[in-house]
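Enquirer: from the sequence below, what's the structure:
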Amino acid sequence: MVASVFALLFLRNLLSVVVLSGVYSFLMATVLVALDAVDVAMTEAAVGAGVSTVLLLGALYLCRTRDARPMRKPWLPLAVSLSTAALLIHGAMGLPEFADPRAPIHRHVVPRYMQNEIDVPNVVTAVLASYRGFDTLGETTVVFTAGAGLIALLRRRPRQEDKGGRHGQ
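Expert: Residues are numbered from 1 along each chain as shown. Modelled structure (predicted):
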């Protein structure tokens, strides 16, 4: 995954960028399967690699295939990205170890889901069905809005010269 991210940084051919982004999404879906988050992995594979790649290929069909070189060096965005990465890494240092049974989520939240609030034996199904209903509705609204916006952007409009003949003749 790290190699694909570094390759994305240096590619100038947009078709290669779109294909490599799809590969990255499939790799991320594989990682999520290894972490036993199969539902999230399926969503990543379908939306991240499938739908996004198809939409980006459609957009690429309407645009140029080479990225323009930047006019100047992007030092400010690079500094903001690196400082954000440093803050995220610093914040992650305080998280409990992966799969630690003494982590706060396993002592407080999971027992409440499993004991008295929900009659579903699977904790993932319980959370998705009971607690994340509005969140899922919001995500669906965001995806629908993004799709409608993309259709509006990619819709072909006749050029001014096509309307009244060649150059208004």
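Enquirer: C-alpha from now on. contacts and neighbour counts both.
Expert: Noted.
Enquirer: center of the chain - which residue?
Expert: Gly48 (5.8 Å; Cα atoms, centre = their mean).
Enquirer: tell me which element the nearest residue to that one once chain neighbours are set aside is part of?
Expert: The shortest distance from Gly48 to any non-neighbouring residue, by Cα to Cα, 6 or more residues apart in numbering, is to Ser25 (5.5 Å). Secondary structure assignment for Ser25, by DSSP states H and E: helix 14-34.
Enquirer: packing partners for that helix?
Expert: Applying 3 or more Cα pairs under 8 Å, 6 or more residues apart in numbering; DSSP states H and E, one finds that helix 14-34 contacts helix 2-10, helix 38-43, helix 52-61.
Enquirer: ok, of the ones you listed, where does mean pLDDT dip lowest?
Expert: Within these, confidence is poorest for helix 38-43, with a mean of 82 (mean pLDDT).
Enquirer: touching it from outside, list them.
Expert: Met28, Ala29, Thr30, Val31, Leu32, Val33 (Cα atoms under 8 Å, 6 or more residues apart in numbering).
Enquirer: check contacts around the first one.
Expert: Pointing back at Met28 there. By Cα under 8 Å, 6+ apart, the residues touching Met28 are Met1, Ala41, Glu44.
Enquirer: any idea how far it lies from Ser21?
Expert: Noted for Met28: a distance of 10 Å to Ser21, by Cα to Cα, to the nearest Å.
Enquirer: and what of the fifth one?
Expert: Distance of Leu32 to Ser21, given as Cα to Cα: 16 Å.
Enquirer: who's more crowded, these two?
Expert: Neighbour count, other Cα atoms under 10 Å: between Leu32 and Ser21, Ser21 has more, with 20 against 17.
Enquirer: show me what contacts that one?
Expert: Taking Cα under 8 Å, 6+ apart as the test, what Ser21 contacts is Ser4, Leu8, Ala49, Thr53.
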